[in-house]
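# Okay, sequence plus prediction incoming.
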Amino acid sequence: MPDKPFAIDLKGVSYKYESADSPALDNIDLQVRQGEMLAVLGRNGSGKSTLGKLFNALYLPTSGSACVMGKEIKSEDDAYSARRHCGMVFQDPDNQMVATIVEEDVAFGCENLGLPPEEIRARVSDALSTVGMEQYAKSAPHMLSGGQKQRIAIAGVVAMHPDIIVFDESTSMLDPSGREDIFDLAVRLNSEGVTVIWITHFMEEAARCRRLVIIDGGKIALEGSPRQVFSDVKRVKQLGLEVPDMTYLAWSLREAGIDISTDILTMDEMEAKLWDLMSGT
Amino acid sequence: MLNNITLGQYFPGDSFIHRLDPRTKILLTIMFLVCVFLSRGFLGFGLIVAFIFLCARVAKIQLKFLFRGLKPIAIIVIITFLLNLFMTPGDDLLWKWGILSVSVQGIKNALFMAFRLILLVTGTQLLTLTTSPIRLTDGLESLFSPLSRIGFPAHELAMMMSIALRFIPTLIEETQKITRAQKARGADFESGSLIKRAKALLPLLVPLFVSAFRRADELAMAMEARCYRGGKGRTKMNPLKYAKSDLVAFLCLAALVVLIVLTNKSGIGVI
Amino acid sequence: MGLDVRHLTYVYNPGTPFETKAVDDVSFEVHDGEFIGIIGHTGSGKSTLIQHFNALIEPTSGSVLVDGEDIFASKSRAALRRRVGLVFQYPEYQLFEETVLKDVCFGPKNMGKAEGECASAAREALRLVGLNEDTWEKSPFELSGGQQRRAALAGVLAMQPEVLILDEPAAGLDPSGRKEILDIIKRIHLKGTTVIMVSHSMDDVARLCGRIIVMEKGRKAMDGTPAEVFSRVEELEKMGLKPPSAALLAKRLKARGTDIDDSVYTLAGLIDELKNKLGGIKQGA
């Protein structure tokens, strides 16, 4: 199968905040193919959120080139069209809702695109059912739970029919069940063809993406499949992150001289491997 | 805690008046205010009162809600009444003490002015009780939009208003949280002199402002990410549309205006 | 200092259609020096429950006794409140002073301590949370997220509470921030403070706490040692709670018929257990 074209193509991108002495991002090369689900990891202040904002042109690179869906972003107008292609879900569910009624909020993006009213209504009801919130269409946002608010935020992006959705730590303020809900929703959107970029510091989520990059000090520190990346336990820890529990378990056993590979990610794999080892005697 | 908070005084319903276009209701309210000012006597006022009662009936709004809005202006009504009572010069003095005097004309005037104020407020109450803040904002935006050509920020003002409405519950909740957190650190918001109490608010206000600014910042970013570029080229999911009922409502009010003018002409009950 | 919670009930919006029992007849005793974890699904009443412990919320019925004295009935509520420190979720949102040091002094100052005493208590608290002296004169708003969290924690510690209550102290932090804050809490406990921690993370609770209380729909559903609580895997999962991965894996291996000790519930415990069991294999192989 031929490789799909790039959804996002960053070449030598640097970004420096006006007030800062050193760049937040330093010469990043990163390509994301259409339909991919990429995790971006990094400790606080590593530059991962800055990177997220370059994907949909909320920030324009200080140097280097950023292409979204094959088009390089050079001006504010390019930025606007990049945002049509690339939606973004933020961290704090409260701070991304503009309207006092759920459906009005979901409609906000479509209204900005200048779509005709009938089409907006159709898209809004589709988007609400995609995220499973139809029955809350007329509710007030402040009555919803954190996870529900995040779903509304996702519906607002989905209604704009984007090719790419960037989730910028969208689960970090949620409880475990809300977190799982939102991640599952992202996986489902990805399976329906949306390119997903999942910025997080939860290793379990990153482990479920197909590819991951770890950002540190504004540079790409590690890149590869979760299996490749997490098996380098020492390096991951050096970068201020953890590895998934099962990988850590495998690594600890291996350090103790037990014959077990460190590319284990899930409990099922671990269970099978340990069963082999234990029943082998 | 906040489940039962109501924004503004909107009283949800599905009556003829509730369904009217918000622009119609705003314009009708203005016409209503004109009626009140046109009316020169108690017969006119009687008509207006009847009209208010009729509207309340149609909108299924209990009268007590209508009159609740008078509470904040009660003091103004009383002052107006007293000023007119004592300050109106007249020939047929009923009572006099120093510079204070009460004449028949004074009593009439005082009643007239107080009544006028009450009618103004209850009439506008009808608008806010039957129109949700968001529809009201939409209506105002649409009415003022012709002015945007000469630089009046109609859309921006409407957007600010709806965001403010959206964040009121969030900020109330936040205030409660911070109050509790500071109380847990021994803060005392309740006792002491006025100055002391004002000072004690600092640990509450500073975090609240910091948070409000952070929220504003993030919200601006989120709006931009959803392709917001101001009012230009924007459409609406539920655009405002005039319907037949709006015409009916306009005709009703036009009739009221005519009636008021006629009563003035007839001279009955005119002060 | 002991804390005795007796038949505590709290009803939100009583007498309205919105009436909900957030806390429903909860009783338990907290002994001196314990480290208790309170877990439960969102809306299980954990946060409402702990706000009673320093009298921020008045119960609908029931009482909380501190050393035998009812904190709601007592005139010395303020004095009792000081002995129980409460750190809210995202406590960094309470920072307000010009400098970190001044902010941490806020609590002791409210207790009526002299200036010098406040400053020394604040400095001690700041050291305890590992904030270096070069941050003390900075504005709290200049600090990183993790540092702000620690400064806010210091603000409560400076009041030298005998019981420290924390609501989700690690929420929203990155892995190293989480580890830092949890290590600090562990240190505080080792210094003799009684700690009650509300958490969504079963792994954190399993690693740190000597006793776990599980809340469900406002009621106390379980109360016991981590080994006891985490042995009831199915019940926890029914409540929508995910037991620690180590406990789950041990249970699964046991179910397959291995002779693993399935009472382990921490990753470290499981690693030791597996090393024991597999050590022989390695030599045999």
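Good, I have the coordinates. Just so we're clear, the structure is a prediction, and the values are computed from it rather than from any experiment. Residues are numbered from 1 along each chain as shown, chains lettered A, B, ... in the order given.
# got a pLDDT number for the residue of the stretch 151-285 of chain C found nearest chain B?
Per Cβ to the nearest Cβ, C:G155 is where the stretch 151-285 of chain C lies closest to chain B, at 6.1 Å. In short, each C-beta sits where N, CA and C put it, glycine included. C:G155 is assigned 96 on the pLDDT scale.
# Model confidence for the closest residue to it other than its chain neighbours, exactly?
Spatial nearest neighbour of C:G155, excluding adjacent residues (Cβ to Cβ, 6 or more residues apart in numbering or on different chains): C:V104 at 5.0 Å. The model reports C:V104 with a pLDDT of 96.
# Mind telling me what element the nearest residue to C:R211 once chain neighbours are set aside is part of?
Closest residue in space to C:R211, ignoring its immediate chain neighbours: C:I36 at 4.9 Å, by Cβ to Cβ, 6+ apart. Assigned by DSSP states H and E, C:I36 belongs to strand C:35-40.
# Direction included, what does that strand pair against?
Strand C:35-40 has its sheet partners listed here by DSSP bridges as strand C:194-198 (parallel), strand C:211-216 (parallel).
# Assign A:Y17 to helix, strand or coil.
Under DSSP: H, G, I helix; E, B strand; the rest coil, A:Y17 falls in the coil class.
# Can you tell me how far the closest residue to it other than its chain neighbours is from A:L54?
Using Cβ to Cβ, 6+ apart and skipping the chain neighbours, the partner closest in space to A:Y17 is A:A24 (5.8 Å). For A:A24, the distance to A:L54 equals 10 Å [Cβ to Cβ, to the nearest Å].
# which residues do these two both contact?
Common contacts of A:A24 and A:L54 (Cβ atoms under 8 Å, 6 or more residues apart in numbering or on different chains): A:Y15.
# Compare the two and say which one has the larger neighbour count.
A:L54 (26 against 23; other Cβ atoms under 10 Å in any protein chain shown).
# Show me where chain A has its helices.
Applying DSSP state H to chain A gives helices spanning A:48-55, A:76-85, A:102-113, A:117-130, A:146-158, A:176-191, A:203-207, A:226-231, A:233-238, A:245-255, A:267-279.
# The residue of the stretch 151-285 of chain C closest to chain B: how many residues sit nearby?
There are 33 residues near C:G155, going by other Cβ under 10 Å.
# circling back to that earlier point, can you list the neighbours in contact with the strand holding C:I36?
Residues outside strand C:35-40 that contact it (Cβ under 8 Å, 6+ apart): C:30, C:46, C:49-50, C:189, C:194-200, C:202, C:204-205, C:208-216, C:221, C:226, C:239, C:241.
# can I assume the residue of the stretch 151-285 of chain C closest to chain B is in contact with C:V100?
No. The pair C:G155 and C:V100 fails to qualify as a contact (Cβ atoms under 8 Å) at a distance of 9.2 Å.
# how much space between C:V264 and B:G192?
Counting by Cβ to Cβ, the gap from C:V264 to B:G192 is 56 Å.
# next one: A:M143
A:M143 is 37 Å from B:G192, by Cβ to Cβ.
# Run through the strands of chain C in chain order.
C:3-12, C:20-30, C:35-40, C:61-66, C:69-70, C:84-87, C:163-167, C:194-198, C:211-216, C:219-224 (DSSP state E).
# quick one: the fifth one to chain centroid distance?
In terms of Cα atoms, centre = their mean, to the nearest Å, the centre of strand C:69-70 is set 23 Å apart from its chain centre.
# Please list all residues in contact with A:I215.
Counting by Cβ under 8 Å, 6+ apart, A:I215 has contacts A:40-42, A:46-48, A:51, A:221.
# so what's the closest residue to B:I52 other than its chain neighbours up against?
Computed as Cβ to Cβ, 6+ apart, the closest residue to B:I52 that is not its neighbour in sequence is B:T122, at 5.7 Å. Residues near B:T122 by Cβ under 8 Å, 6+ apart: B:52, B:66-67, B:69-70.
# okay, the helices of chain A in JSON lines with mean pLDDT and distance to C:P17 next?
Converted to JSON lines, the helices of chain A look like this (pLDDT from 0 to 100; distance: least, Cβ to Cβ, whole Å):
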{"stretch": "helix A:48-55", "mean pLDDT": "94", "distance to C:P17": "42"}
{"stretch": "helix A:76-85", "mean pLDDT": "92", "distance to C:P17": "43"}
{"stretch": "helix A:102-113", "mean pLDDT": "95", "distance to C:P17": "21"}
{"stretch": "helix A:117-130", "mean pLDDT": "96", "distance to C:P17": "26"}
{"stretch": "helix A:146-158", "mean pLDDT": "96", "distance to C:P17": "21"}
{"stretch": "helix A:176-191", "mean pLDDT": "95", "distance to C:P17": "26"}
{"stretch": "helix A:203-207", "mean pLDDT": "92", "distance to C:P17": "39"}
{"stretch": "helix A:226-231", "mean pLDDT": "93", "distance to C:P17": "48"}
{"stretch": "helix A:233-238", "mean pLDDT": "94", "distance to C:P17": "52"}
{"stretch": "helix A:245-255", "mean pLDDT": "93", "distance to C:P17": "44"}
{"stretch": "helix A:267-279", "mean pLDDT": "90", "distance to C:P17": "44"}
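# residue closest to the middle of the chain?
Looking at chain A here, since you left the chain open. Nearest to the geometric centre of chain A sits A:W198, at 1.2 Å (Cα atoms, centre = their mean).
# not what I meant, chain C
C:M197 (1.0 Å).
# thinking that residue is in contact with C:L166, fair?
Yes. C:M197 lies in contact with C:L166 (Cβ under 8 Å); the separation is 4.8 Å.
# Overlap of the contact sets of the two?
By Cβ under 8 Å, 6+ apart, C:M197 and C:L166 have these common neighbours: C:I185.
# hmm, back to that, which ones among the contacts of B:T122 map onto helices?
Using DSSP H, the contacts of B:T122 in helices are B:52, B:66-67.
# Can you tell me which of the residues you listed has the most neighbours?
Of the ones in helices among the contacts of B:T122, with other Cβ under 10 Å as the count, B:L66 tops at 21 neighbours.
# For B:T29, see how far away that residue is.
14 Å.
# So for these two, which residues contact both of them?
B:L126.
# hang on, isn't the residue nearest to A:Y17 packed against A:G218?
Yes. Applying Cβ under 8 Å as the test, A:A24 and A:G218 come out as touching, 5.5 Å apart.
# Give me the neighbour count for B:D91.
7.
# That one: what secondary structure?
B:D91 - assigned by three-state DSSP - is coil.
# Surely it touches B:G106?
No. Taking contacts as Cβ under 8 Å, B:D91 lies outside contact range of B:G106: 11.0 Å.
# what number of residues lie near whichever residue of the stretch 51-200 of chain A sits closest to chain C?
Nearest residue of the stretch 51-200 of chain A to chain C (Cβ to the nearest Cβ) works out as A:D175 at 4.5 Å. Using other Cβ under 10 Å, A:D175 has 20 neighbouring residues.
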